[in-house]
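>>> coordinates only, sequence not included:
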């Protein structure tokens, strides 16, 4: 290639590279560097402390609690919303009247911003005047302090997350289902394949690439979504519903311990990188792509 | 009563009718082609027999029992699809065995049928490959093998060769026919390609606009087309149809011959418009009494446009159709048709 063409190529790459560097790569590297220093005090750079911040994290009970919360949050919300999304997609993909309205209804939660969703669910969950408690009392059950009880706060958040995420994933499944060749189903029908056999042996394997895609997105979202915590629980009570990213936010902007926030961010990045590696490196090989 | 009997089968939607009350039967071991142009209702007919479409009216009987309301899998038939409908995530072997697995056929029986079918269609080295690694012809063989292992009494085929290239299609035609005869399969074969129907079928059902135009052996359709539609559909190129005073005269391009030059004055003449050289023969497009006439001449015969040709044909090759109903008129020993053309021909013969 001539030098001119090289220059041309680099010039074309430059805008994207500049944006990526400014907003992704440089912050990531600087976060990593910050995690090896003390927090700056009064404008003076903190001194180099090596892995002290990481050692502190290992001994930090709240960090472990938050990580554990995040683990459960992901383990419960991700598979549940994927299964729900698939069931809804198969249902609204069938020939029934009014399916456009049902599709729209399922998709609505996705269109709403998380802050709005959290406000709606705040109205559902509020102890005295909340919708859920009102309903429960009408049916003769005792109302609960959904967001105030340490045992109920995190599950309450999970329910809301599933409600919001399932509709979003449904759209991906719906698109995938509609791209499947109908003659495969006719061939299966002629072979006397039952509905369940057809689903298990044809639909599910052919949807695997979509499932993998959704899985990646859902897991990343499980670590990324914190907007609702600002409205609903602020991580409480007693960190019962706190998640990793919200804890990072607290450290950086409430406790002004930026070094520790940088350390936790580094840990979060490592977790996400590991997840991505497992999904793309390991699972990908077992998935059939057409 | 045949193995498959179709009575008054109809499929209509609110404003259109795809299949209009057709009746036919297929006998055991017979290869029947359902032939017709696109949109004539042949595929809809096949899909109704398979149970993939619900008929608006009529009945389908297989081996004497009414299967009109039976689900596709319970009908005891198998189907080869135009797109092959192979499961892309399953290996060739699993594709072939899919039906046997869901029907819970015993593993030994599966193994026996698999090796039998694989040998027939010559797929031995490809059993563990995925369909995406196969050529079109090999995919076609997998689809065939899937039908063979089912050992169903009736095999439906929906334009199975239309996705193959011309050379492979010709080869598969021969193989398919040989396979059908070897196994004694009963086949109902949908196609729009009259060459396929003519070369493979024991019997052809020619459909047009949801109705059956003619049913018969290939040579019957060729030698005695029941209507102008059949005449214009069967044969390549199809029969020349020339409107005359009372009738429509049909004459096949291969039955028109050039008269010796010295006799040309006394004969009918046609003016050459163009010539298509096809290798073994040459197709001459000519104008005859203001009508189009195609003439098939053997070998390479470049005739320049504008040339006046003296032409003739034997009387036995003439076909006559009613002008209003477009139906065939059977001749009764020269008496039915009487026009000056015939007089001229006999003059030439003398």
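Looks like it came in fine. Computed from a prediction, not measured in an experiment: that's the story for all the values here. Residues are numbered from 1 along each chain as shown, chains lettered A, B, ... in the order given.

>>> Go through chain B and flag its longest helix.
helix B:166-183 (DSSP state H).

>>> For it, list every residue counted as buried.
By neighbour count, and taking 16 or more other Cβ atoms under 10 Å in any protein chain shown as the criterion, the buried residues in helix B:166-183 are B:169, B:172-173, B:175-177, B:179-180, B:183. Just so you know, the C-beta spots here come from the backbone N, C-alpha and C atoms, and that holds for glycine as well.

>>> What is the neighbour count of the one residue in the stretch 51-200 of chain B that gets nearest to chain A?
Using Cβ to the nearest Cβ, residue B:73 is the residue of the stretch 51-200 of chain B that sits closest to chain A, at 2.6 Å. Around residue B:73 there are 18 other residues, counting by other Cβ atoms under 10 Å in any protein chain shown.

>>> Quick check: it touching residue A:189?
Yes - in this structure residue B:73 lies within contact range of residue A:189 using Cβ atoms under 8 Å: 6.0 Å.

>>> follow-up on the earlier one: got phi/psi on the nearest residue to the residue of the stretch 51-200 of chain B closest to chain A once chain neighbours are set aside?
With Cβ to Cβ, 6 or more residues apart in numbering or on different chains as the measure, residue A:192 is the residue that lies nearest to residue B:73, at 2.6 Å, once sequence neighbours are left out. The phi and psi torsions at residue A:192 (degrees, to the nearest 10) take the values phi 70, psi 30.

>>> if I look at residue A:192, how far off is residue A:182?
Applying Cβ to Cβ, to the nearest Å, one obtains 18 Å for the distance of residue A:192 from residue A:182.

>>> Between those two, tell me which one has more neighbours.
Under the criterion of other Cβ under 10 Å, the comparison of residue A:192 against residue A:182 puts residue A:192 first, with 18 against 11.

>>> Could you list the residues of chain B in contact with chain A?
Where proximity means Cβ under 8 Å from any Cβ of the partner chain, the interface of chain B facing chain A comprises B:50-52, B:71-74, B:77-79, B:81-83, B:85, B:87-90, B:98-99, B:102-103, B:130, B:132, B:146, B:150.

>>> ok, now which ones touch residue B:242?
The contact partners of residue B:242, taken as Cβ atoms under 8 Å, 6 or more residues apart in numbering or on different chains, are B:248-251, B:288-289, B:291, B:293.

>>> From the residues you listed, which one has the minimum pLDDT?
Checked by pLDDT, those have residue B:289 as the lowest-scoring entry (82).

>>> Which ones among the residues of chain B next to chain A lie within helices?
With helices taken from DSSP H, the overlap with those comprises B:50, B:98-99, B:102, B:146, B:150.

>>> how about those in JSON lines, adding pLDDT, distance to residue A:267 and neighbour count?
Written out in JSON lines, the entries for those read as follows (pLDDT from 0 to 100; distance: Cβ to Cβ, whole Å; neighbours: other Cβ atoms under 10 Å in any protein chain shown):
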{"residue": "B:50", "pLDDT": "93", "distance to residue A:267": "59", "neighbour count": "23"}
{"residue": "B:98", "pLDDT": "93", "distance to residue A:267": "48", "neighbour count": "23"}
{"residue": "B:99", "pLDDT": "91", "distance to residue A:267": "52", "neighbour count": "23"}
{"residue": "B:102", "pLDDT": "90", "distance to residue A:267": "49", "neighbour count": "17"}
{"residue": "B:146", "pLDDT": "92", "distance to residue A:267": "53", "neighbour count": "29"}
{"residue": "B:150", "pLDDT": "90", "distance to residue A:267": "58", "neighbour count": "24"}
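
>>> Report the separation between residue B:42 and residue B:198.
Per Cβ to Cβ, residue B:42 is found 16 Å from residue B:198.

>>> residues contacting the closest residue to residue A:50 other than its chain neighbours?
By the measure of Cβ to Cβ, 6+ apart, the closest residue to residue A:50 outside its immediate chain neighbours is residue A:36, 6.3 Å from it. For residue A:36, the set of contacting residues under the criterion of Cβ under 8 Å, 6+ apart consists of A:48-51, A:53.

>>> Swap in 7 Å and give it another go.
With contact set as Cβ atoms under 7 Å, 6 or more residues apart in numbering or on different chains, residue A:36 has these partners: A:48-50.

>>> And residue B:10, by the same measure?
Taking Cβ under 7 Å, 6+ apart as the criterion, residue B:10 is in contact with B:19-21, B:55-58.

>>> Check the burial of the closest residue to residue B:67 other than its chain neighbours by counting its neighbours.
For residue B:67, the nearest residue in space outside its immediate sequence neighbours is residue B:75; the separation is 4.8 Å by Cβ to Cβ, 6+ apart. When counting by other Cβ under 10 Å, one arrives at 23 neighbours for residue B:75.

>>> looking at it, residue B:75 is touching residue B:62, isn't it?
Yes - under the criterion of Cβ atoms under 7 Å, residue B:75 is in contact with residue B:62, at a separation of 6.3 Å.

>>> what about residue A:65, distance to residue A:236?
In terms of Cβ to Cβ, residue A:65 sits 12 Å off from residue A:236.

>>> what do you get for residue A:211?
Shown here: residue A:211 relative to residue A:236, a distance of 35 Å by Cβ to Cβ.
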